[in-house]
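> structure of the sequence below:
(chains A and B)
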2 protein chains.
Amino acid sequence: MNVEEKLYKLTQIGIALSRERNLRVLLSKILSEARAFTNAEGGSLYIHRDGKLTFAVSQNDVLYSQQDTVRCKVFRGKTLDIGNNSIAGYSAYTGETINIADAYTIPNDAPYHIDRSFDIENQYRTKSMLVIPMGEKSDELIGVLALINALDNDGKIIPFAQEYEMLIAALASQAAVAIRNAQLNQHLQEAYLDTIMRLSRAAEFRDKETAFHLEKISTYSAILAEQLGFPQKYVDDIRYASPMHDIGKIGISDSILLKPGKLTSEEFEQMKQHTIYGADILKNAKSDVLELSLEIALTHHERYDGLGYPTGLKGKEIPWGGRIVAVADVFDALTSKRCYKDAWETDKAIEYITELAGKQFDPIVVKAFHTSLEKILDAKKTYEES
Amino acid sequence: MNVEEKLYKLTQIGIALSRERNLRVLLSKILSEARAFTNAEGGSLYIHRDGKLTFAVSQNDVLYSQQDTVRCKVFRGKTLDIGNNSIAGYSAYTGETINIADAYTIPNDAPYHIDRSFDIENQYRTKSMLVIPMGEKSDELIGVLALINALDNDGKIIPFAQEYEMLIAALASQAAVAIRNAQLNQHLQEAYLDTIMRLSRAAEFRDKETAFHLEKISTYSAILAEQLGFPQKYVDDIRYASPMHDIGKIGISDSILLKPGKLTSEEFEQMKQHTIYGADILKNAKSDVLELSLEIALTHHERYDGLGYPTGLKGKEIPWGGRIVAVADVFDALTSKRCYKDAWETDKAIEYITELAGKQFDPIVVKAFHTSLEKILDAKKTYEES
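Numbers count the residues shown, from 1 in each chain, chains lettered A, B, ... in the order given. Okay, here's the model as predicted:
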């Protein structure tokens, strides 16, 4: 490649990075692209967090077969100080690109040194390095990109060519913007989900549902939707929408909602209205999440055999959202302790749901429930332990 | 600039575009950058929406002094069909870049033609054009970028150099990704705000606040924060956070919340608890919006003179969020009709708030209220008319 081709390639990489909104995938992609560009055997990417550099991803063609496993095992939680000592820390501190031909011949009076313990442990030889801060001087530091062991065509370790310094610096700037965007997007998504959970929980403030009831329904529904083969977008949407399924309970008076004993048939008729109230609260929305939440609020008490409420929809007339959340909701209700009942054993609850396939529940959803049972029980356990 | 410099510049433009998350600003920036790059006198940017091309922004150094005014006046709502006839429509349909030396000499049998009515109306001469679809072939069409009248160094109209076709196509790809990201971001933000509004309104379902009460408080609070000189981030945060100020009312029993007459002092003590309940619902959140909403829920009934509740905080001890929303909330309560009272005249409400500066309200916030009164009354009118 001549310089022109390289710059054009760089533009294409920039586009590919901007396109990626999932932070974890993005970080792997940045490192892979930078390595491919310079033909580097390995590398690491650090993210700036709370004044430290946190290991985010590490790749090495010699040491690891799967790129990402490393991230979890070797480096989890490992941080570097910003400042002298480590090369990445120094680069972050000064904003300088550091190009080293051999990490083992760094003079003793240099402001940074290499920590050889990793090499010793892994019988590896870190030689040439290209370390570049991500972010612009005027801006906040986003992280550091460290490339290790440039290879020539014969696979021999050589220094990183000087022309790469500028090119990888440009790639690092693109990466910094993409990371920042993905971080902002992730924060916004987290804040959104958290807000839905809190406000929906507030709506149940009065009838004191079990802890994590909404979180569990949200996760179970997403697992079921995924198992049923829905696209990722729908899986995400139902994760956000399902916690709002009982929001209409806000419209039910204390005397009915908080009644300790059994409801009279008249009171039950009023209680059923929570589906209508919910739909009313959520109507005329413009987002997919809220449209789905309306569908769910309105139909999660419909039954497959047509004996449910409020409308008596039957089978496939009931929208998917309602059919999925019906199973998720009942499974959690059965297996959770309430003031008026103990938690059922998991097996008994599974049996109960199985028996009602084709009656209360869509058999296809019940089948997906069985197939994804392990994931559902894992999620249940995770919430119950926290 | 040689090609290398141009490509490097292109990378920098890509970074600048990815950085911009505000859709409206982004669209203007894309057009400006493309024009600067090719030395084009004018240009337009169309966005693909519901199978049509919608005019998004138009710039022309000869015709318009202010770039953006055009967008609002001349072209508002104007659309083009995707397909033959118009040049932009043809480019969108075929995915082709179209480079025309003189728009007035397009042969009659060409699949597209120029509509001269704009030139006639504005006494303008559209000559050279470079029209490029945004988006990739495999992907959805995002829009079309049309550049008009390339100028040489003497300001003479010349054709767009062929080398620009590839460069502007690369810029268009970058632009497409940036637009898509900004659109997704905007949708997510809108969905988030809409959800907050609905769920917060649900919490007030029982005491039937006036229509648009939450929307007005949200807007008033944002206007006040802006007037007080807070950064845009805080202005946005308070816009999202303020609608949740009364979420704790969910914890107040029907008998108190819905009581038609005056509350006894005991009942009022219970009613005051809604600030504590609200804080409880919103505690331990990790997002700035929810942290601010907690602060507001807890302190919007504190008074500047220390006689408020729940804590009796005084003056600057009350967080800004509480001091701002206190004014926004009371102003809207006074000027809205409730079941137990008519809406006050605006002047009377302003007078009331002015008198309570230093007593119930922070004088600085009351001052900001006066300074931004026009904006507040505009917003009020907008909501009341809708």
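
> contacts only, for A:T219.
For A:T219, the contacting residues are A:R239, A:A379, A:Y383, by C-beta atoms under 8 Å, 6 or more residues apart in numbering or on different chains. All C-beta atoms are positioned from the backbone trio N, CA, C, and that covers glycine.

> out of these, who's near chain B?
Among the contacts of A:T219, no residue sits close to chain B (C-beta under 8 Å from any C-beta of the partner chain).

> quick one: the strands in the stretch 101-250 of chain A?
Assigned by DSSP state E, counting those that start in this stretch, the stretch 101-250 of chain A shows strands spanning A:129-134, A:143-151, A:157-158.

> chain center to the last one: distance?
Per C-alpha atoms, centre = their mean, to the nearest Å, the displacement of strand A:157-158 from the mean C-alpha position of its chain is 38 Å.

> ok, it: who's next to it in the sheet?
According to DSSP bridges, strand A:157-158 forms sheet pairs with strand A:143-151 (antiparallel).

> convert the partner strand to PDB, retaining C-alpha atoms only.
Presented in PDB, the C-alpha positions along strand A:143-151 are these (Å, rounded to 0.1, in the frame of the first residue of the first chain):
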ATOM      1  CA  GLY A 143      -7.500   5.700  26.600                       C
ATOM      2  CA  VAL A 144      -4.300   4.300  25.300                       C
ATOM      3  CA  LEU A 145      -3.600   2.000  22.400                       C
ATOM      4  CA  ALA A 146      -0.500  -0.200  22.600                       C
ATOM      5  CA  LEU A 147       0.700  -2.300  19.700                       C
ATOM      6  CA  ILE A 148       3.400  -5.000  20.200                       C
ATOM      7  CA  ASN A 149       5.800  -6.600  17.900                       C
ATOM      8  CA  ALA A 150       5.500  -5.400  14.300                       C
ATOM      9  CA  LEU A 151       6.200  -8.300  11.900                       C
END
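
> and the contacts of A:T219 as CSV, adding distance to A:I256, neighbour count and pLDDT?
Listed next are those as CSV, based on distance: C-beta to C-beta, whole Å; neighbours: other C-beta atoms under 10 Å in any protein chain shown; pLDDT from 0 to 100:
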residue, distance to A:I256, neighbour count, pLDDT
A:R239, 30, 20, 93
A:A379, 32, 19, 95
A:Y383, 29, 16, 89
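
> of these, closest to A:S18?
A:R239 (25.1 Å; C-beta to C-beta).

> you'd agree that closest one is up against A:A222?
Yes: using C-beta atoms under 8 Å, A:R239 makes contact with A:A222 at a distance of 4.2 Å.

> the host helix or strand of A:I15 near chain B anywhere?
Taking DSSP states H and E as the criterion, A:I15 maps to helix A:3-19. Yes: using C-beta under 8 Å from any C-beta, helix A:3-19 reaches chain B at A:V3, A:E4, A:L7, A:Y8, A:L10, A:T11, A:Q12, A:G14, A:I15, A:S18, A:R19.

> ok, back up a step: comparing the strands of the stretch 101-250 of chain A, which comes out most buried?
Stretch with highest mean neighbour count among the strands of the stretch 101-250 of chain A: strand A:129-134 (a mean of 27; mean count of other C-beta atoms under 10 Å in any protein chain shown).

> my guess is A:V325 meets A:E302, correct?
No: using C-beta under 8 Å as the test, A:V325 is too far from A:E302 to be in contact (10.5 Å).

> those two: who's more crowded?
A:V325 (32 against 25; other C-beta atoms under 10 Å in any protein chain shown).

> and the contacts of A:T219, which of them are in helices?
A:R239, A:A379, A:Y383 (DSSP state H).

> and which of those residues is nearest to A:A333?
Of all the ones in helices among the contacts of A:T219, A:A333 sits closest to A:Y383, with 14.4 Å by C-beta to C-beta.

> let me see the contact set for the closest one.
Residues near A:Y383 by C-beta under 8 Å, 6+ apart: A:F212, A:E215, A:K216, A:T219.

> give me the buried subset of the residues you listed.
Neighbour-count burial within the contacts of A:Y383 applies to A:F212, A:E215, A:K216, A:T219; the criterion is 16 or more other C-beta atoms under 10 Å in any protein chain shown.

> leaving out the residues flanking it, which one is nearest to the second one?
Think A:E215. Closest residue to A:E215 apart from its sequence neighbours, by C-beta to C-beta, 6 or more residues apart in numbering or on different chains: A:Y383 at 5.9 Å.

> list the residues that contact A:S386.
A:S386 touches A:F212, counting by C-beta under 8 Å, 6+ apart.

> could I get the pLDDT score of the closest residue to A:M129 other than its chain neighbours?
Nearest residue to A:M129, sequence neighbours excluded (C-beta to C-beta, 6+ apart): A:I100, at 4.5 Å. We have a pLDDT of 95 for A:I100.

> from the stretch 201-350 of chain A, which residue is nearest to chain B?
Of all residues in the stretch 201-350 of chain A, A:S287 sits closest to chain B, at 3.4 Å by C-beta to the nearest C-beta.

> quick check, that residue in contact with B:A191.
Yes: at 3.4 Å, A:S287 counts as touching B:A191 under the criterion of C-beta under 8 Å.

> now do the helices in the stretch 101-250 of chain A.
For the stretch 101-250 of chain A, the helices defined by DSSP state H, counting those that start in this stretch cover A:117-122, A:163-203, A:213-227, A:232-241.

> re the thing from before, want to throw the strands of the stretch 101-250 of chain A into JSON lines with distance to B:D50 and mean pLDDT?
JSON lines is the format used below for the strands of the stretch 101-250 of chain A (distance: least, C-beta to C-beta, whole Å; pLDDT from 0 to 100):
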{"stretch": "strand A:129-134", "distance to B:D50": "39", "mean pLDDT": "95"}
{"stretch": "strand A:143-151", "distance to B:D50": "40", "mean pLDDT": "96"}
{"stretch": "strand A:157-158", "distance to B:D50": "55", "mean pLDDT": "96"}
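
> A:L167 is nearest to which of those strands?
In terms of C-beta to C-beta, the element of the strands of the stretch 101-250 of chain A nearest to A:L167 is strand A:129-134, at 10.2 Å.

> returning to that earlier point: just give me the neighbour total for the residue of the stretch 201-350 of chain A closest to chain B.
Residues contacting A:S287 under the criterion other C-beta under 10 Å number 19.

> ok, now which ones touch it?
B:H187, B:E190, B:A191, B:D194, B:T195.

> of those - the most surrounded one?
Of all the contacts of A:S287, B:T195 has the most neighbours under the rule other C-beta under 10 Å, reaching 24 neighbours.

> how far away is it from chain A?
6 Å (C-beta to the nearest C-beta, to the nearest Å).

> next one: stretch A:109-121 to chain centre, how far?
Using C-alpha atoms, centre = their mean, the offset of stretch A:109-121 from its chain centre is 34 Å.

> do the same with stretch A:215-225
Worked out by C-alpha atoms, centre = their mean, stretch A:215-225 lies 14 Å from the chain centre.

> low-confidence ranges in the stretch 201-350 of chain A?
Residue ranges of the stretch 201-350 of chain A with pLDDT under 70: A:204-211.

> which bits of it sit near chain B?
A:201-203, A:205-206, A:244, A:247, A:250-251, A:253-255, A:277, A:281-282, A:285-290.

> report the buried members of those.
Listed as buried from those are A:201-203, A:205-206, A:244, A:247, A:250-251, A:254, A:277, A:281-282, A:285, A:287-290; burial here means 16+ other C-beta under 10 Å.

> what sits against the residue of the stretch 1-150 of chain A found nearest chain B?
Distance from chain B to each residue of the stretch 1-150 of chain A (C-beta to the nearest C-beta) is smallest for A:L7, at 3.7 Å. Taking C-beta under 8 Å, 6+ apart as the criterion, A:L7 is in contact with A:L167, B:E4, B:L7, B:Y8, B:L10, B:T11.

> kindly state the pLDDT recorded for the closest residue to the last one other than its chain neighbours?
Counting by C-beta to C-beta, 6+ apart, A:A170 is the residue found nearest to B:T11 once chain neighbours are left out, at 5.1 Å. In this model, A:A170 is scored at 83, pLDDT.

> quick one, what contacts A:A170?
Counting by C-beta under 8 Å, 6+ apart, the residues that A:A170 touches are A:L10, B:Y8, B:T11, B:Q12.
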